[in-house]
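Chemist: could you work out the structure for the sequence below:
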Amino acid sequence: MDLTFSPEETEFRDELRGWLTVNAPGEEPRGDEEAQYAFRKAWQRTLYDAGWAAVHWPREYGGRDATLMQSAIFFEEMGRIGAPLPANVLGLLLAGPTIMAWGTEEQKERYLTPILSADEIWCQGFSEPEAGSDLAAVKTRAVRDGDDWVVTGQKVWTSGAQYSKWCMLVARTDPEASRHKGLSYFLMDMDQEAVQVRPLVQITGEAEFNELFMEEARIPHENMLGGQGDGWNVALTTLMNERSGLGFFLQVRLRQLLDRLVREAGENGRIDDPVVAEALGDMHVRTETLRLLAYRGLSAIEQYGQPGPEGSLTKWLWSETNQMLAQLAVSVRGADSLTTGDSWAYELLRSRGNTIEGGTTEILKNIVAERVLGLPRK
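Modeler: Take a look at the predicted model:
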C-alpha cells in the first residue's frame with residue numbers, strides 16, 4: 001500500500017485540519033461520567049453538523065465516501081489534536097456498517113441518520129456470563145409470538161448501555177439447530193421495562209460496562225437484521241468492523257500516550273537511563289508496527305470489500321502493548337503514577353481489561369492461528 005498522499009488526500013487533510021483548528025473540542029472533563037458523556041455527545045453533534053461524523057460512510061447515508069487512505073487521515077488528525085471518541089462510537093463503527101450490509105431499505109432509512117447525529121446511542125449485546133468470547137455459546141432465548149419476538153436472558157460487559165436507545169442483540173431462536181445456525185440478530189429497543197441495565201463499577205471507579213437483563217422483552221419481527229438463523233454471519237460483520245475500525249483509532253491514541261511518556265521521561269531525566277531509553281525504543285517499534293498493521297487492515301477492506309480476520313491480530317497486539325506502556329509509565333515516573341487522580345494511574349488500571357474486552361487474547365490467538373495462518377485445530 002502506497003502511504004504517500006495524493007493531491008486529493010492532501011486536500012482532504014488540509015480541509016480537515018482547517019476545520020479542526022476552528023472547531024477543536026477542547027479538554028474532555030475527567031472524573032464525572034455524565035459530564036464526559038455529554039461532552040462526547042456534543043462533539044459528535046458538531047462533527048455531524050459539519051459532515052465529519054462518519055467520513056467512511058457512503059455519501060448517500062450521510063458520510064463523505066472517504067477512501068481508505070482518507071479514513072486513515074481522519075483518524076490520524078483526530079488523534080493529533082487529542083479529540084475523544086464520539087458518544088455513539090459503537091453506532092458509527094459497528095451498528096451503522098452492519099445495517100448497511102444486512103438491513104432492508106426501511107431499516108437503513110430508520111436507523112442510520114440518528115446514529116450519525118447521536119440522537120440515538122447504540123450498545124452491543126453479544127457477551128454473556130458463560131459466553132464471553134465464544135459467541136456461539138449464547139443462551140439468551142428469543143421466541144416468536146405473533147409479530148414479535150420475546151427475549152429472555154442476560155448480557156454482560158455491555159459498554160454504554162446506560163446511555164443507549166438501541167442494542168445490537170444476538171439471541172438463540174432455534175435451540176434445536178447447531179450452535180452457529182440457531183442464532184438471530186436483533187435491533188432491540190432499550191426503552192422498555194423488560195430491559196434492565198445494571199452498571200458494573202470497575203477498579204477505575206467508572207461504570208463503563210453494564211449487565212443487561214431481559215425478562216420477556218419484546219422485539220418486533222421487523223427489527224430482525226438479516227433472516228432468522230443468520231445471526232452468526234451478521235455478528236461476524238459487526239465483529240470484523242470492531243477489530244479493524246476501533247483498532248485504528250486506538251493505535252493513534254497509543255502513539256499519543258507514548259509521546260507523552262517520552263516527554264515526561266525527558267523532563268525528569270529518566271530518558272538518560274539506558275534501560276529506560278531501550279524500553280521506550282521498544283514501545284516506539286511496537287506502536288509503529290501497530291500503525292502499519294492498521295493500514296494493512298484498511299488495505300484488506302479495499303481488496304475484499306470488508307475487514308478480514310487480521311483485525312484480530314491488531315486488537316491482540318494493541319491490548320498487550322497498551323498494558324506494557326502503562327506499566328512502563330509507572331517505572332519511568334515513579335510512585336506519583338499510583339496516586340489517585342493521576343492520569344497514568346487511570347491508564348494503568350483501565351489497561352488491565354484490554355486483553356479481555358473485544359475478544360480475549362486467547363481467543364484472538366486462535367483466530368489468527370486458524371483463519372490467518374491456516375494452522376489446524378488441535
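Chemist: from here on, contacts and neighbour counts on C-alpha atoms
Modeler: Noted.
Chemist: mind giving me the domain ranges of the chain?
Modeler: For the chain, automatic domain parsing gives the domain ranges 7-117, 122-229, 233-372.
Chemist: would you list these in JSON lines and tack on mean pLDDT and mean neighbour count?
Modeler: Listed next are the domains of the chain as JSON lines, based on pLDDT from 0 to 100; neighbours: other CA atoms under 10 Å:
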{"stretch": "domain 7-117", "mean pLDDT": "93", "mean neighbour count": "18"}
{"stretch": "domain 122-229", "mean pLDDT": "94", "mean neighbour count": "19"}
{"stretch": "domain 233-372", "mean pLDDT": "84", "mean neighbour count": "18"}
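Chemist: packing partners for the strand or helix carrying Leu250?
Modeler: Element membership for Leu250 (DSSP states H and E) is helix 247-267. Applying 3 or more CA pairs under 8 Å, 6 or more residues apart in numbering; DSSP states H and E, we find helix 247-267 packed against helix 68-81, helix 274-304, helix 311-333.
Chemist: how far away is the residue nearest to Met69 when sequence neighbours are not counted from Val22?
Modeler: Of all residues not flanking Met69 in the chain, Glu9 sits nearest, at 7.4 Å (CA to CA, 6 or more residues apart in numbering). Going from Glu9 to Val22 by CA to CA, to the nearest Å gives 20 Å.
Chemist: quick one on the thing from earlier: closest to Leu116 out of the helices and strands packed on helix 247-267?
Modeler: For Leu116, the closest of the helices and strands packed on helix 247-267 is helix 68-81, at 15.9 Å, according to CA to CA.
Chemist: that closest one to helix 247-267, inter-axis angle?
Modeler: Per axes from the mean of the first three to the mean of the last three CA atoms, to 10 degrees, the angle that helix 68-81 makes with helix 247-267 is 30 degrees.
Chemist: how much space separates Gln239 from Lys155?
Modeler: Quick fix: residue 239 is Leu, not Gln. Counting by CA to CA, the gap from Leu239 to Lys155 is 16 Å.
Chemist: ah, wrong one, I meant Glu105
Modeler: Computed with CA to CA, the distance linking Glu105 and Lys155 is 29 Å.
Chemist: and for Gly359?
Modeler: 15 Å.
Chemist: before we move on, the earlier item: which strands and helices lie in contact with the helix or strand encompassing the residue nearest to Met69?
Modeler: Assessed by DSSP H and E, Glu9 sits inside helix 7-23. Packing contacts for helix 7-23, counted by 3+ CA pairs under 8 Å, 6+ apart, involve helix 68-81.
Chemist: next, the angle helix 274-304 makes with the helix it packs on.
Modeler: Going by the same axes, to 10 degrees, helix 68-81 makes 150 degrees with helix 274-304.
Chemist: can I get the CA coordinates of helix 68-81 in CSV?
Modeler: Extracted in CSV, the C-alpha atoms of helix 68-81 (Å, rounded to 0.1, in the frame of the first residue of the first chain):
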residue,chain,number,x,y,z
LEU,A,68,-9.4,4.1,2.9
MET,A,69,-6.5,6.5,3.0
GLN,A,70,-8.8,9.4,3.7
SER,A,71,-10.3,7.5,6.6
ALA,A,72,-6.8,6.8,7.9
ILE,A,73,-6.0,10.6,7.6
PHE,A,74,-9.2,11.4,9.5
PHE,A,75,-8.3,9.1,12.5
GLU,A,76,-4.7,10.4,12.5
GLU,A,77,-5.8,14.0,12.6
MET,A,78,-8.3,13.4,15.4
GLY,A,79,-5.5,11.7,17.3
ARG,A,80,-3.2,14.6,16.6
ILE,A,81,-5.4,17.1,18.4
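Chemist: what's the first helix or strand after it?
Modeler: helix 89-90.
Chemist: report the distance from that next one to the chain centre.
Modeler: For helix 89-90, the separation from the chain centroid amounts to 6 Å (computed by CA atoms, centre = their mean, to the nearest Å).
Chemist: which strands or helices does the next helix or strand after it pack on?
Modeler: Sequence order places helix 96-102 as the next helix or strand after helix 89-90, per DSSP H and E. When contacts are defined as 3+ CA pairs under 8 Å, 6+ apart, helix 96-102 packs onto helix 105-117, helix 231-241.
Chemist: other SSEs contacting the longest one?
Modeler: For helix 105-117, the packing partners by 3+ CA pairs under 8 Å, 6+ apart come out as helix 33-49, helix 96-102.
Chemist: of all those, which one is nearest Gly281?
Modeler: Gly281 lies closest to helix 33-49 among those, at 33.1 Å (CA to CA).
Chemist: what's next to that closest one, contact-wise?
Modeler: The contact list for helix 33-49 (CA atoms under 8 Å, 6 or more residues apart in numbering) reads 25, 28-30, 53-54, 84-88, 116-118, 206.
Chemist: next one: stretch 198-209
Modeler: Contact partners of stretch 198-209, identified using CA under 8 Å, 6+ apart, comprise 33, 156-162, 210-212, 346, 349-350.
Chemist: now, the residues you listed that are in strands?
Modeler: Mapping the contacts of stretch 198-209 onto strands (DSSP state E) picks out Asn210, Glu211, Leu212.
Chemist: just those now: which is nearest Ser337?
Modeler: Distance to Ser337, by CA to CA, is smallest for Asn210 among the ones in strands among the contacts of stretch 198-209, at 27.6 Å.
Chemist: ok, the closest one - contacts?
Modeler: Val156, Trp157, Thr158, Ser159, Gly160, Ala161, Gln162, Val197, Arg198, Pro199, Leu200.
Chemist: between those residues, which is closest to Leu187?
Modeler: If you rank the contacts of Asn210 by distance to Leu187 using CA to CA, Ala161 comes first, at 13.6 Å.
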